[in-house]
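# Sharing a model that was predicted from the sequence below.
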Amino acid sequence: MTGIMGVISYGLGTIVGFFIIGMLLFWFIQDVTQKKHTVLRNFPVIGRLRFFFEQMGEYFRQYFFAGDRDEMPFNRATRAWVYREAKNEGGIIGFGSSNDLREPGSIIFVNHPFPVLEEDRLPTPSLLIGADHCRYPFEARSVTNISGMSFGAISEPAVRALSRGAGLAGCWMDTGEGGLSPYHLEGDCDVIMQIGTAKYGIRDGDGKFSPEKARELSHVVKAFEIKLSQGAKPGKGGVLPGAKVTAEISRIRGIPAGEDSISPNRHHDIANIDQLLDKVVYIRDLTGRPVGVKTAIGGWDFMNDLCEAILRRGVQDAPDFLVIDGGEGGSGAAPATLMDHMSLPIAEALPRVIDALLEAGLKDRIRVVASGKLVTSARAAWALCTGADFINTARGPMFALGCIQAMRCHMNTCPTGITTHNKRLQRGLVVEEKYVRVASYIRNMNKEIDMIAHSCGCRHARELRREHVRIVESANRSVALSMLHPYPAEAARAAVE
């Protein structure tokens, strides 16, 4: 018996050996005869290692070589912080911070010598959106909320977990431009319906805005958001590969199944500020719901022109909220050139937007939502100090769902099941487990924003102002945000003096 097994093993080994030799010979002939790749033509077979390491390099760096704060778009320290908050493990560390406070752009909050006592703290108040200007104002209870991620770009279990997590945490959830799915309503959370340039989910058979569908949606959503652009792709419409356009997504969006879903780079019926305000007023009157605008900021003209038009027409025509997205990119896939170089980062865009509203006397009329890599409580508190009323984050909740930053969002091969419609990969995302983590992340974000406020001497987060935070300009030198970006009245007074 032993002899027979030895013969069989020898035979199998011989077959495997011949197979390997055959494959190497095949690759050798293929490489030396092909004309596309110089390396393979000059170094057949072994040159393939170059392409392997090029493809896998980012994953090797992520786990073996990059430091905790070296990676982009989010480093390991940031991701680990979100994971801990989502698991309710607390953001406690020991032996000092690995955050280099000498790095330009770092945030340093101004601790008060006599911080607010526990018994003197107040709950951060909710704010009404659209008060006195629409039939159904929206009471927004949470400072931190879930930004737009379309069903299609993300999977069914991801939408379900986000919806249920938002409902448990008491925050809103933005649909993204892909339209409203039944899964957005599963968690009984506050939903904001985004109206993208292709009008997905709110269009008629000709692809135009449908008043009938808008009225129907108004019964289940809290507000509407007209998206002009976003940080991931300012000036470019969204693209959903045909492989991700399933029959269900086709039905929700009102487009053919299996074909690339490409939205225009702007609304065909909105070509200037007045047309934008006309559309805001029309949808608000039609639905009775608050209507806002989402945009990335490229310069100062847009906000100046918007404020001038509102003052000319009357504050009743103003959008009820503005979502300001930074040019740091986002959860959506986009051309690298636009993601890398188009539109201002949130650190520069947000102060200018707030200042324009303050100068025009519109800050109390228009709520401001800040978005753009604001996944930590410190970055969110900075936005509140600057003047934002709310925070939107997409990638924070994605990390809470289990995202490992595999950078495959556009390939339908997401290993965590978040951005793929592959049922085998979706199986790893257990809704009953992950929605609790989403809720914990949102709650702990709000809790730590309040903790920062209390340490600065504020009773709650909405008392934070620009003097409560400093920005590092160079090693061992920082400047107060109130001096880097003075409030308009203070800047005008200083100029006169």
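Okay, I see it.
# for residue 384, what are its contacts?
When contacts are counted by CB atoms under 8 Å, 6 or more residues apart in numbering, residue 384 touches 143, 391, 449, 453, 461, 462, 464. C-beta: built from backbone N, CA, C; applies to glycine.
# how about a cut-off of 10 Å?
In this structure, residue 384 makes contact with 124, 143, 370, 390-391, 449, 452-453, 458, 461-465, 468-469, judged by CB atoms under 10 Å, 6 or more residues apart in numbering.
# Wasn't it part of a strand?
No - secondary structure of residue 384, determined by DSSP: H, G, I helix; E, B strand; the rest coil: helix, with no strand assignment.
# quick one on the thing from earlier: from the contacts of residue 384, which is closest to residue 424?
Comparing the contacts of residue 384 against residue 424 with CB to CB picks out residue 391 as the nearest, at 34.5 Å.
# quick one, strands of the stretch 251-400 of the chain?
Counting by DSSP state E, counting those that start in this stretch, one finds strands in the stretch 251-400 of the chain at the ranges 261-262, 291-296, 321-325, 367-371, 390-393.
# What mean pLDDT does the shortest one get?
Model confidence over strand 261-262 averages 78 on the pLDDT scale.
# what lines up beside it in the sheet?
Applying DSSP bridges to the sheet, strand 261-262 is found paired with strand 239-240 (antiparallel).
# again, but for the last one
Strand 390-393 has the following sheet partners, assigned by DSSP bridges: strand 144-146 (parallel), strand 367-371 (parallel).
# Quick check: which of the ones you listed is nearest to residue 116?
Among the strands paired with strand 390-393, strand 144-146 comes nearest to residue 116, with 20.5 Å by CB to CB.
# Enumerate every residue touching the nearest residue to residue 250 once chain neighbours are set aside.
The shortest distance from residue 250 to any non-neighbouring residue, by CB to CB, 6 or more residues apart in numbering, is to residue 257 (3.7 Å). Taking CB under 10 Å, 6+ apart as the definition of contact, the neighbours of residue 257 are 242, 245, 246, 247, 248, 249, 250, 251.
# and residue 257, backbone torsions?
phi -70, psi 150 (degrees, to the nearest 10).
# How about residue 174: which residues does it bridge to?
With beta bridges defined as DSSP bridges, residue 174 has these partners: residue 192.
# Need the pLDDT of it.
The pLDDT attached to residue 174 in the predicted structure is 97.
# What of the one 5 residues further on?
Residue 179 carries a pLDDT score of 92 in this model.
# before we move on, back to that, how about the strands of the stretch 251-400 of the chain in a markdown table, adding distance to residue 342 and mean neighbour count?
Written out in a markdown table, the entries for these read as follows (distance: least, CB to CB, whole Å; neighbours: other CB atoms under 10 Å):
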| stretch | distance to residue 342 | mean neighbour count |
| --- | --- | --- |
| strand 261-262 | 18 | 20 |
| strand 291-296 | 8 | 26 |
| strand 321-325 | 11 | 27 |
| strand 367-371 | 16 | 25 |
| strand 390-393 | 19 | 27 |
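# In JSON lines: those, plus distance to residue 21.
What follows is the strands of the stretch 251-400 of the chain, written out as JSON lines (distance: least, CB to CB, whole Å):
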{"stretch": "strand 261-262", "distance to residue 21": "47"}
{"stretch": "strand 291-296", "distance to residue 21": "56"}
{"stretch": "strand 321-325", "distance to residue 21": "56"}
{"stretch": "strand 367-371", "distance to residue 21": "56"}
{"stretch": "strand 390-393", "distance to residue 21": "54"}
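# wait, which of those strands is closest to residue 309?
Minimum separation from residue 309 across the strands of the stretch 251-400 of the chain (CB to CB) falls at strand 291-296, 12.3 Å.
# The closest one to strand 321-325, inter-axis angle?
Inter-element angle recorded for strand 291-296 and strand 321-325: 20 degrees (by axes from the mean of the first three to the mean of the last three CA atoms, to 10 degrees).
# Show me what strand 291-296 packs onto, helices and strands only.
Packed against strand 291-296 by the contact rule (3 or more CB pairs under 10 Å, 6 or more residues apart in numbering; DSSP states H and E) you find strand 190-195, strand 223-227, helix 273-287, helix 301-313, strand 321-325, helix 346-360, strand 367-371.
# Could you rerun that using 7 Å?
With contacts taken as 3 or more CB pairs under 7 Å, 6 or more residues apart in numbering; DSSP states H and E, strand 291-296 sits against strand 223-227, helix 273-287, strand 321-325.
# Tell me the predicted confidence for the residue nearest the centre of the chain.
Centroid-nearest residue in the chain, with CA atoms, centre = their mean: residue 394, separated by 3.2 Å. You'll see residue 394 listed with a pLDDT of 93.
# got it, and residue 333?
If you check residue 333, the pLDDT there is 64.
# got a markdown table for the helices and strands packed on strand 291-296, with mean pLDDT too?
Converted to a markdown table, the helices and strands packed on strand 291-296 look like this (pLDDT from 0 to 100):
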| stretch | mean pLDDT |
| --- | --- |
| strand 223-227 | 97 |
| helix 273-287 | 98 |
| strand 321-325 | 96 |
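# out of those, deepest packed?
For the helices and strands packed on strand 291-296, average neighbour numbers computed from mean count of other CB atoms under 10 Å are highest in strand 321-325, which has a mean of 27.
# Please identify the pairing partners of that one and their relative orientation?
In the sheet containing strand 321-325, its partner strands are strand 291-296 (parallel), strand 367-371 (parallel), by DSSP bridges.
# now for the ones you listed, which one comes closest to residue 201?
Going by CB to CB, the one of the strands paired with strand 321-325 nearest residue 201 is strand 291-296, 15.7 Å.
# pLDDT (mean, whole number) over that closest one?
On average, the pLDDT along strand 291-296 is 96.
# Keeping just the C-alphas, turn that strand into CSV.
Presented in CSV, the C-alpha positions along strand 291-296 are these (Å, rounded to 0.1, in the frame of the first residue of the first chain):
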residue,chain,number,x,y,z
VAL,A,291,-35.3,72.6,0.5
GLY,A,292,-31.5,73.0,0.6
VAL,A,293,-28.6,73.1,-1.8
LYS,A,294,-25.4,71.0,-1.8
THR,A,295,-22.3,72.3,-3.5
ALA,A,296,-18.5,72.4,-3.4
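# what angle sits between that strand and strand 190-195?
Comparing the axes of strand 291-296 and strand 190-195 via the same axes, to 10 degrees yields an angle of 70 degrees.
# re earlier: Throw the strands paired with strand 390-393 into JSON lines and include distance to residue 416 and mean pLDDT, thanks.
Putting the strands paired with strand 390-393 into JSON lines (distance: least, CB to CB, whole Å; pLDDT from 0 to 100) gives the following:
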{"stretch": "strand 144-146", "distance to residue 416": "17", "mean pLDDT": "98"}
{"stretch": "strand 367-371", "distance to residue 416": "22", "mean pLDDT": "97"}
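# could those go into a markdown table alongside distance to residue 201?
Rendered in a markdown table, the data for those read as follows (distance: least, CB to CB, whole Å):
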| stretch | distance to residue 201 |
| --- | --- |
| strand 144-146 | 17 |
| strand 367-371 | 21 |
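# So residue 449: helix, strand or coil?
Going by three-state DSSP: residue 449 is helix.
# So what's the predicted local confidence for it?
Residue-level confidence at residue 449 comes out at 97, pLDDT.
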